[in-house]
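# Got a predicted model here, sequence first, then my questions.
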Amino acid sequence: LLAVGEQHIASGQAAVLGATQAIIMPLAAWAIGAAGAPKPAAWFGLLAGFVGVIILVRPGGHAIDPIGGAATLASVLLWSVGGALSKRFPLGGVAMTSGIHMILGGLACLAIALVAGEFDGFSLGAVSGASWRGFAYLATFGSLAGFTAFAWLVQIWPP
């Protein structure tokens, strides 16, 4: 959903919408019983960080495309609820949690790509060596390392 959203909105707008995850995740964790209510100091820190993101990216006051904004916010909401659920209902370890995240995320991306017609005219033979190297890098560091680190942090830190 984030990839869909960023096709319709500026990266600064996506960054500001994405920064709402820091506010939504503690609320989601509190709502499902994975954590207590955030304390006033935590709220101050979360809001200060959110304002900091707005200042840094200066989204420019342009109107947000409704489709892009909705898709981006939906991705933030789903990611936040998923993180809170994995805190509330651990799946037996970091490897299992990150594996389920990647499998479900991959299936969702595949479904979206099929519906959007992303495979029309696609030829596996036309993929360049640089693209394969980029894919390998992202699969290793962006997915395996990134999701595993996220799953580990969700287990040891409060939302």
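That came in fine, so what should we check first?
# show me the contacts for S143.
Applying CB atoms under 8 Å, 6 or more residues apart in numbering to S143 gives the contacts M102. C-beta here means a position set from N, CA and C on the backbone, and glycine is covered the same way.
# Which pLDDT does the model give it?
The model reports S143 with a pLDDT of 81.
# Please tell me how far it sits from G121.
26 Å (CB to CB, to the nearest Å).
# ditto for I54
40 Å.
# Residues contacting the lowest-mean-pLDDT helix or strand in the chain, please?
Every helix and strand of the chain was ranked by mean pLDDT, DSSP states H and E. The lowest is helix 146-156, at a mean of 81. The contact list for helix 146-156 (CB under 8 Å, 6+ apart) reads 83, 86-87, 90, 94-95, 97-98, 101-102.
# Hmm, L27 and A42 touching each other?
No - here A42 lies out of contact with L27, judged by CB atoms under 8 Å, at a distance of 11.2 Å.
# what ranges do the helices span in the protein?
Here the chain has its helices, by DSSP state H, at 2-5, 11-19, 21-31, 40-57, 66-88, 94-116, 129-137, 146-156.
# mind giving me JSON lines with the ones you listed and columns for mean neighbour count?
JSON lines is the format used below for those (neighbours: other CB atoms under 10 Å):
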{"stretch": "helix 2-5", "mean neighbour count": "18"}
{"stretch": "helix 11-19", "mean neighbour count": "19"}
{"stretch": "helix 21-31", "mean neighbour count": "19"}
{"stretch": "helix 40-57", "mean neighbour count": "12"}
{"stretch": "helix 66-88", "mean neighbour count": "19"}
{"stretch": "helix 94-116", "mean neighbour count": "14"}
{"stretch": "helix 129-137", "mean neighbour count": "10"}
{"stretch": "helix 146-156", "mean neighbour count": "16"}
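# Phi, psi for Q7 please.
Backbone torsions for Q7, taken as degrees, to the nearest 10, come to phi -80, psi -10.
# Just give the closest residue to it, not the sequence neighbours.
Of all residues not flanking Q7 in the chain, G68 sits nearest, at 6.9 Å (CB to CB, 6 or more residues apart in numbering).
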